[in-house]
Structure formats: structure tokens, C-alpha cells
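Chemist: Return a 3D structure for these sequence lines:
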Amino acid sequence: MGLLARLVSLPVSGPLGGALWVARQVHGAAEREVNDPVVIRRTLRALEQDLEAGAIDEDTFEEAEMILLARLREAGR
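Modeler: Model (predicted):
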């Protein structure tokens, strides 16, 4: 793309490029947090506390635990 075309499209491409960069940064941060073993273990502990407190039933616990353990295995790779 030539310099003139870039200058003409700057009012549109500038903000759009910035928005895309922000979206990529947010996505990357969310992905890192979802795959962080520390966060997954903390969530497992909270899930166990909810079960012990009676806030969730055994079936809900087992389903969520299965998902979290699978995420933990994936994060370990």
C-alpha cells in the first residue's frame, strides 16, 4: 500500500487498528488467566468449599471438578 493510500485511510485504520490491538491484549490476558494452574487450583478449592457449605450439590461439584481438572492437565503441558 502506498504512502498516500495509508495517509488517506488513517482516520479509519488508526482507531480500528488500536481497537484490534486492545482486543488481542484482552484476549491474551484472559487466556493466560484461564490456563493459569494457580487460578485453576484456587477455583477448585472454592468449589470444594461450596460443596461443604451446601451451596452446590454433588453432581454440580463433580461436573465442575471434571472440567477444572481437564483444564489443569492442559495447563501442565
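Chemist: Within the helices and strands, which one has residue 31?
Modeler: helix 3-34 (DSSP states H and E).
Chemist: ugh, typo on my part, it should be residue 73
Modeler: helix 58-75.
Chemist: Mind listing what's buried along that helix?
Modeler: 61, 64, 68, 71, 72 (16 or more other C-beta atoms under 10 Å). C-betas here are computed from N, CA, C, even on glycine.
Chemist: Out of those, which is nearest to residue 14?
Modeler: Nearest to residue 14 among these: residue 71, at 37.6 Å, using C-beta to C-beta.
Chemist: Show the contacting residues for the closest one.
Modeler: 34, 35, 40 (C-beta atoms under 8 Å, 6 or more residues apart in numbering).
Chemist: ok so, going back, closest one of the buried residues of helix 58-75 to residue 55?
Modeler: Using C-beta to C-beta, these come closest to residue 55 at residue 61, 9.8 Å.
Chemist: which non-adjacent residue is nearest that closest one?
Modeler: In space, residue 61 comes closest to residue 51 once its chain neighbours are excluded; the distance is 4.5 Å by C-beta to C-beta, 6 or more residues apart in numbering.
Chemist: Please verify my assumption that the one you found contacts residue 62.
Modeler: No. Under the criterion of C-beta atoms under 8 Å, residue 51 makes no contact with residue 62, lying 9.3 Å away.
Chemist: in the protein, which residue is closest to the centre?
Modeler: Centroid-nearest residue in the chain, with C-alpha atoms, centre = their mean: residue 30, separated by 2.9 Å.
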